[in-house]
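Q: Predicted model, plus sequence, below.
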Amino acid sequence: MAYPPPPPPPSSPGAPPPNHLAWAVATTILCCLPAGIVSIVYAAQVNSKWMAGDHAGAINSSNNAKNWAIASAVLGVIVGVIYFLVAMAGANGS
């Protein structure tokens with residue numbers, strides 16, 4: 001008795017959106033820890049949402065991961081500049 005072949009897995013249109021995980025990890029380590037962690041959480045959701053068929057959710061998580069990574073980088077630069085200015089003011093005051 002011959003069995004029919006199993007149905008193919010559900011196909012997804014195209015490749016998943018970029019998850020920005022490397023950028024999220026880099027900004028977490030180098031810039032701003034709280035915003036970077038949020039970026040990592042969103043980046044980790046992208047591929048699983050895409051595989052589950054939630055393409056809109058995957059795209060939304062990808063955009064959120066990118067935005068939080070940018071926020072982490074900007075906050076890191078701002079804090080670095082403020083630290084530098086305060087250190088220079090302290091060096092000139094002595």
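A: Thanks, I have the structure now.

Q: how about the helices in the chain?
A: Using DSSP state H, the helices assigned to the chain run over residues 21-30, 33-51, 55-93.

Q: Tell me who's in contact with Thr46.
A: Not quite, residue 46 is Val, not Thr. If a contact means CB atoms under 8 Å, 6 or more residues apart in numbering, then Val46 has 16-20, 58, 61-62, 65 as its contacts. Bear in mind the C-beta positions are built from the backbone N, C-alpha and C, glycine included.

Q: okay if I get the residues you listed as TSV plus distance to Met51, pLDDT and neighbour count?
A: Below are the contacts of Val46 laid out as TSV (distance: CB to CB, whole Å; pLDDT from 0 to 100; neighbours: other CB atoms under 10 Å):
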residue	distance to Met51	pLDDT	neighbour count
Pro16	8	93	16
Pro17	12	96	19
Pro18	15	96	13
Asn19	12	96	22
His20	17	96	25
Ala58	9	97	22
Ser61	13	97	24
Ser62	14	97	22
Ala65	16	98	26
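
Q: I'd like the residues you listed as TSV, with distance to Thr28 appended.
A: Compiled in TSV, the contacts of Val46 are given as follows (distance: CB to CB, whole Å):
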residue	distance to Thr28
Pro16	22
Pro17	20
Pro18	17
Asn19	14
His20	12
Ala58	21
Ser61	17
Ser62	17
Ala65	11
